[in-house]
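Trainee: my questions are about this predicted structure, shown below with the sequence.
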Amino acid sequence: MTDQRIDTLAVHAGTEADPTTKARVTPIYQTTSFVFDDVDHAAGLFDLEIPGNIYTRLMNPTNGALEAKMAALEGGVAALATASGHAAQFLAFHTLMEPGCHIVASTRLYGGSLNQIGHSFRKMDWHASFVDTDDPANVAAAITDKTRCIFVESLANPGGVISDLAALAKIAHDAGVPLIVDNTLATPILCRPIEHGADIVVQSTTKFLNGHGNSVGGVIVDSGNFDWAKAGKYPYLSEPNPSYHGKVFTEAFGNVAFILGCRALGMRDLGPQMAPMNAFLTLTGMETLHLRVERHCANALALAEWLQKHPKVEWVSYAGLPGDRYHALAGKYLGGKGGAVFTFGLKGGYDAGVRLVSAVKLFSHVANMGDTRSLIIHPSSTTHRQLSLDEQELAGAGPKVVRVSVGIEHIDDIIADLAQGLEAA
Ligand SMILES: *Cc1c(COP(=O)(O)O)cnc(C)c1O
């Protein structure tokens, strides 16, 4: 990170005035392609010998501004914007995995990630072991000679679980593999996983980074710290690439080999690029990220304290509460805060959950998180319904569980809405 504070980076990083037009706000470069100076220039661009724009599937200046901002906020060397958070994960794994390889992942991942890794990746002969990462020894025990990465969330949805990133990074590095961290719920305002040893950070920009619920997107940030050649397990990066005249990415690109592999191989061939319009909306949202996260966290804490005393509520799982089992890790990794998304259990079970989400008025019943608006969902009847009951319980999304993403409205209105909703439940 530069020596500027993160609040300043959220406003300014990556978004200097436009070099050609002097427009102060980064324009939406709504173009598919960019004109070559001449044949030699084109050849240099295609051979990755000269940096520059070719075609928006590979790069686009609006996306480039978002990538620079994200790299600065996370303290990485470079980033790649993608069509969605899941596309970011897919491209990151695709760059590291060969058929028959293996991921060690947390049982507490976002439900969509459990599906992606546990089911769809099998078609590529990529395998996974899901372990309870609360005890990092479980991660060490699951690593095999086929393991290519460890994947956790810094702050996991929906259980409010905080990963011990430094311990997990040590285990990963002892095994010669990178730690990949999904930092979606914490955002770089609360946690910068690279500072704790993570090698790669992925984000769904759909959530807090965009912050206004108007565009799906994702980003991969490369710390530049992992030595892919030395590890000897990543032939896509460290062996001659036939689609670039035998270029070896680790030799040609040094500490940005991974992120260039994600772009010039994965993005080029698989294609999940972010639309420039979505990059623009996300950039606009990110200018207030630090302010929104502060209010989100204050509201979430006040609501969690109120719910804890409510007679229809069995438990509240929020790392921002002093008595919470993850509060110490929140102190270590999230500045003592718990984020804006948390779960609570209803004494009335599945039916009470369904009645509550039907009765709320201010809260929107949606599958999104990280919006300015307060959002609510009953995972067991929606996001996690594809999982078996056992898998739901393991993911912290059993029938009693309600998840809220607390918005930035006035706290009294938020509490009043849940009060009347719980009355109906
Ligand atoms: C939403 C989410 C994703 C997936 O992101 P999309 O942008 O919806 O593809 C991944 N991880 C976490 C923690 C999420 O909340």
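Mentor: Happy to help now that I have it.
Trainee: what parts of the stretch 101-250 of the chain come near the ligand?
Mentor: Contact residues, the stretch 101-250 of the chain versus the ligand (C-beta under 6 Å from any ligand atom): 110, 112-113, 153, 157, 182, 184-185, 204, 206-207, 216, 218. C-beta here means a position set from N, CA and C on the backbone, and glycine is covered the same way.
Trainee: now the phi/psi pair for the nearest residue to H378 once chain neighbours are set aside, please.
Mentor: Excluding the flanking residues, the one nearest H378 by C-beta to C-beta, 6 or more residues apart in numbering is G353, at 3.9 Å. Main-chain torsions, G353, degrees, to the nearest 10: phi -60, psi -40.
Trainee: for G353, give its distance to the ligand.
Mentor: Applying C-beta to the nearest ligand atom, to the nearest Å, one obtains 20 Å for the distance of G353 from the ligand.
Trainee: got the contact list for the closest residue to G52 other than its chain neighbours?
Mentor: Closest residue in space to G52, ignoring its immediate chain neighbours: L45 at 5.2 Å, by C-beta to C-beta, 6+ apart. If you count contacts by C-beta atoms under 8 Å, 6 or more residues apart in numbering, L45 has them with F36, G52, N53, I54.
Trainee: try P235
Mentor: E98.
Trainee: with G213 instead?
Mentor: V366, N368, G370, D371, T372, R373.
Trainee: between those residues, which has the least confident prediction?
Mentor: The lowest pLDDT within those belongs to N368, with 87.
Trainee: state which helix of this protein is the longest.
Mentor: helix 289-308 (DSSP state H).
Trainee: for L114, give me its contacts.
Mentor: Residues near L114 by C-beta under 8 Å, 6+ apart: F130, L387, E391, A395.
Trainee: and the residue of the stretch 251-400 of the chain found nearest the ligand, what's its pLDDT?
Mentor: For the stretch 251-400 of the chain, the residue closest to the ligand is M369, as judged by C-beta to the nearest ligand atom, at 5.7 Å. Looking at M369, its pLDDT reads 91.
Trainee: quick one, strands of the stretch 151-300 of the chain?
Mentor: 155-156, 161-162, 179-182, 200-204, 218-222 (DSSP state E, counting those that start in this stretch).
Trainee: turn these into TSV, columns for mean pLDDT.
Mentor: Formatted as TSV, the strands of the stretch 151-300 of the chain follow (pLDDT from 0 to 100):
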stretch	mean pLDDT
strand 155-156	94
strand 161-162	94
strand 179-182	98
strand 200-204	98
strand 218-222	98
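Trainee: pull the most distant pair out of the contacts of L45.
Mentor: Greatest spatial distance among those (C-beta to C-beta): F36 and N53, at 9.8 Å.
Trainee: what residues does the stretch 251-400 of the chain have near the ligand?
Mentor: Counting by C-beta under 6 Å from any ligand atom, the stretch 251-400 of the chain sits next to the ligand at M369.
Trainee: skipping adjacent residues, who's closest to L422 in space?
Mentor: K312 (5.2 Å).
Trainee: now name the helix or strand holding the residue nearest to G52.
Mentor: According to DSSP states H and E, L45 maps onto helix 39-46.
Trainee: distance between that helix and the chain's centre?
Mentor: 35 Å (C-alpha atoms, centre = their mean, to the nearest Å).
Trainee: hey, C-alpha coordinates of it in PDB?
Mentor: Provided in PDB are the C-alpha atoms of helix 39-46 (Å, rounded to 0.1, in the frame of the first residue of the first chain):
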ATOM      1  CA  VAL A  39       1.400  -3.700 -37.400                       C
ATOM      2  CA  ASP A  40       4.500  -3.700 -35.100                       C
ATOM      3  CA  HIS A  41       2.500  -2.100 -32.300                       C
ATOM      4  CA  ALA A  42      -0.200  -4.800 -32.700                       C
ATOM      5  CA  ALA A  43       2.300  -7.600 -32.700                       C
ATOM      6  CA  GLY A  44       3.900  -6.200 -29.600                       C
ATOM      7  CA  LEU A  45       0.600  -6.000 -27.800                       C
ATOM      8  CA  PHE A  46      -0.400  -9.500 -28.800                       C
END
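Trainee: in contact with the residue nearest to H378, which residues?
Mentor: Contacts of G353 (C-beta under 8 Å, 6+ apart): L346, H378, S380, S381, P399, K400, V401, V402, A425.
Trainee: thought the fifth one was touching P379?
Mentor: No - applying C-beta atoms under 8 Å, one finds P399 not in contact with P379, separated by 9.3 Å.
Trainee: between the two, which one's more packed in?
Mentor: Looking at P399 and P379 with other C-beta atoms under 10 Å, you find the greater number of neighbours at P379, namely 24 against 20.
Trainee: just the buried residues of stretch 400-413, please?
Mentor: Buried residues in stretch 400-413, counted by 16 or more other C-beta atoms under 10 Å: K400, V401, V402, R403, V404, S405, V406, G407, I408, E409, I411.
Trainee: what's the farthest-apart pair in those?
Mentor: The most widely separated members of those, counting by C-beta to C-beta, are K400 and I408 (27.4 Å).
Trainee: what number of residues lie near the residue of the stretch 51-200 of the chain found nearest the ligand?
Mentor: Distances between the stretch 51-200 of the chain and the ligand by C-beta to the nearest ligand atom are smallest at G85, namely 2.3 Å. Per other C-beta under 10 Å, the neighbour tally for G85 reads 25.
Trainee: list the contacts for the nearest residue to it once chain neighbours are set aside?
Mentor: Closest residue in space to G85, ignoring its immediate chain neighbours: S204 at 2.5 Å, by C-beta to C-beta, 6+ apart. S204 makes contacts with S84, G85, H86, A88, D182, T184, V216, G217, G218, as judged by C-beta under 8 Å, 6+ apart.
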